[in-house]
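# sharing a model that was predicted from the sequence below.
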Amino acid sequence: MNTTRKLAQAALCAFALSALPALPALAAETAWITVGDGAWRLLAPQAEGARVLSTRDVAVNVPVQRGSPALTQAHERVHAVQLDADWLPLLSHEVHEKLRRCGGFVRHESAAEALAVLHRLQGTATPALAPSYTLDDAAQVTPMLPLLQESRILSTIQTLSDFQNRLYNSAHGVAASDWLFQHWKQLSAGRSWMRVSQVAHAGWPQKSVKLRIAGNGNAAETVVLGAHLDSISGNASAEVRAPGADDDASGVAALTEIIRVMADSSYRPRRSIEFIAYAAEEVGLRGSQQIAKQYQRQAKPVVGVLQLDMTAFQGDLTDLWIFTDFTNAAQNQFVAELAASYLPQLSVGYDRCGYACSDHASWTGRGFAASFPFESSDATYNRAIHTDRDTTATFGNQALHALKFTQLGLAYAVELGSD
Ligand code: BES
Ligand code: ZN
């Protein structure tokens, strides 16, 4: 592996915690990112040769105060920047040290793509499709909910965590993708309307895994449920231990359990439903960026996207946290109504990530309506992620919290999939 690639990989939070990355020594790969103004101001004075290609004020929905369901619109200045890829670890480090959070930027494959995403982000007030969010499928949702089993979710999390790691560019990461592909095939065997495939990506070997349930009335319109397959930890060398139990085996396991119950129930939606386990989320949302870009190019009518990234660790008393930034406000309200109606015992809070922190942002960036229900508030998230301690032990070897998100995901898929 070349040095640039290694450094580019290190653009993640755990790395930022451990060491200050060296300054760029080699003439390296050019990278294009979109980055919030706060993060950019930290790097700009140091990043020699970096060039801002464009700046936009992007509207984001934020809680009026932390935890409040009431939203207000704020504006965030976002830049598309061209720079040497070797600066990215320093950017992560600065964001972590000075802004006390992770991430802070999204990496794109070209200048044109960074500019297109920036342009799109600005226009997300009106998504391409505005479906009806009426709740009218209790007859289908209610009998399926009790079929979802906590023990099966836990067992999938365990199997995925048992891979040495699921790095996007390691043999282990490839093996995890192959295992999930086979597992989803087994679960859907004999159901001709369910098709499983692996999506190859330009630039790294790990494939995303996709299961499509063909709609039987309005098949072109598609509902997407996603989670990320890859994991990361420490210096991200190919043999590093990165169990990624919460981040994000817990999201993939939720999708897997929904698939199992839908297959066993011979459930057929009117719209199509796709479950996607994305490759390469941890290195700048790269798998989902490629997929969302392709769907936009093909003008695929994606009516809604739900991202499940970290579902197993309950950080505080509130059960479900709906993240309001880089997501769609109307669909978020629908998600809250689903919870109130199908999971009335659960409490719901609102918070924000502060940056494009998971794959929902790739869809938002392409003009699709996406939501991101999260396991905790941003302040109380599982601090074991991106380390070798992100195991099932961290959440008590149980998947009761993950089960809530699995139930929510099933209700979302069926209610939105039925129209
Ligand atoms: N699951 C995390 C995102 C997350 C972490 C959300 C903590 C809320 C609290 C995700 O896998 C991740 O690590 N994202 C990166 C950013 C991405 C663009 C590489 C991050 O947060 O550093
Ligand atoms: Zn992560």
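Received, thanks. Ligands and ions are numbered 1, 2, ... in the order given.
# close to ligand 2: what parts of the protein are there?
Residues of the chain that fall close to ligand 2, judged by CB under 5 Å from the ion: 247, 282. Glycine gets a C-beta too; all of them are placed from N, C-alpha and C.
# one more time with 6 Å, if that's ok
Contact residues, the chain versus ligand 2 (CB under 6 Å from the ion): 247, 282, 385-386.
# and of the residues you listed, the nearest to residue 150?
Nearest to residue 150 out of the residues of the chain next to ligand 2 is residue 247 (CB to CB; 19.2 Å).
# mind giving me the packing neighbours of the helix or strand hosting residue 176?
In this structure, residue 176 sits in helix 171-187 according to DSSP states H and E. When contacts are defined as 3 or more CB pairs under 8 Å, 6 or more residues apart in numbering; DSSP states H and E, helix 171-187 packs onto helix 150-161, strand 194-199, strand 208-213, helix 250-264, strand 271-278.
# what is the last one packed up against?
Secondary structure elements in contact with strand 271-278, counted by 3+ CB pairs under 8 Å, 6+ apart, are helix 171-187, strand 208-213, strand 218-228, helix 250-264, helix 286-297, helix 400-417.
# residues contacting residue 238?
1, 165, 167, 169-172 (CB atoms under 8 Å, 6 or more residues apart in numbering).
# wait, a helix at it?
No. Secondary structure of residue 238 (DSSP: H, G, I helix; E, B strand; the rest coil): coil, not part of a helix.
# what's the closest non-adjacent residue to residue 314?
Spatial nearest neighbour of residue 314, excluding adjacent residues (CB to CB, 6 or more residues apart in numbering): residue 401 at 4.5 Å.
# against ligand 1, how distant is that neighbour?
Going from residue 401 to ligand 1 by CB to the nearest ligand atom, to the nearest Å gives 15 Å.
# list the residues that contact that residue.
Each residue near residue 401 by CB under 8 Å, 6+ apart is listed here: 311-314, 319, 375, 395.
# repeat that for 7 Å
Residues near residue 401 by CB atoms under 7 Å, 6 or more residues apart in numbering: 311-314, 375, 395.
# what does residue 343 give?
Residue 343 touches 404, 407-408, counting by CB under 7 Å, 6+ apart.
# flag the shaky bits of the stretch 1-150 of the chain, pLDDT-wise.
Within the stretch 1-150 of the chain, the stretches with pLDDT under 70 are 1-27, 59, 61-62, 64-75, 96, 100-103, 122-128.
# again, 50 this time
Low-confidence segments of the stretch 1-150 of the chain (pLDDT under 50): 1-22, 124-126.
# where do the strands sit along it?
Under the criterion DSSP state E, counting those that start in this stretch, the stretch 1-150 of the chain contains strands at 30-36, 51-63, 71-84, 105-108.
# Serialize those strands to CSV and add fields for distance to residue 138 and mean neighbour count.
What follows is these, written out as CSV (distance: least, CB to CB, whole Å; neighbours: other CB atoms under 10 Å):
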stretch, distance to residue 138, mean neighbour count
strand 30-36, 40, 23
strand 51-63, 28, 16
strand 71-84, 27, 18
strand 105-108, 38, 24
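# per-domain residue ranges of this protein.
In terms of domains, the chain is parsed into 3-123, 138-417 (source: automatic domain parsing).
# out of the ones you listed, flag the one nearest residue 129.
Closest to residue 129 of the domains of the chain is domain 138-417 (CB to CB; 5.1 Å).
# tell me who's in contact with the most centrally placed residue in the chain.
Centroid check for the chain by CA atoms, centre = their mean gives residue 359 as the closest residue, at 3.2 Å. By CB under 7 Å, 6+ apart, the contact list for residue 359 reads 226, 228, 278, 281, 285, 288, 307, 309.
# which one of these is nearest to residue 295?
residue 288 (10.2 Å).
# so the closest one sits right up against residue 362, yeah?
Yes. If you go by CB atoms under 7 Å, residue 288 and residue 362 touch, sitting 3.9 Å apart.
# backbone phi and psi for the residue nearest to the centre of the chain, please?
Main-chain dihedrals, residue 359, degrees, to the nearest 10: phi -60, psi -20.
# what's the pLDDT at it?
pLDDT for residue 359: 98.
# then the one 10 residues further on?
In the prediction, the pLDDT value recorded for residue 369 is 97.
# measure it to residue 34 for me?
From residue 369 across to residue 34, the span is 19 Å (CB to CB, to the nearest Å).
# check residue 137 too.
Distance, residue 137 to residue 34, by CB to CB: 37 Å.
# same question, residue 155
Note on residue 155: its distance to residue 34, by CB to CB, is 38 Å.
# and if you look at residue 40?
Per CB to CB, residue 40 is found 10 Å from residue 34.
# got it, and residue 200?
Distance from residue 200 to residue 34, counting by CB to CB: 25 Å.
# mind checking what secondary structure residue 357 has?
The three-state label given to residue 357 by three-state DSSP is coil.
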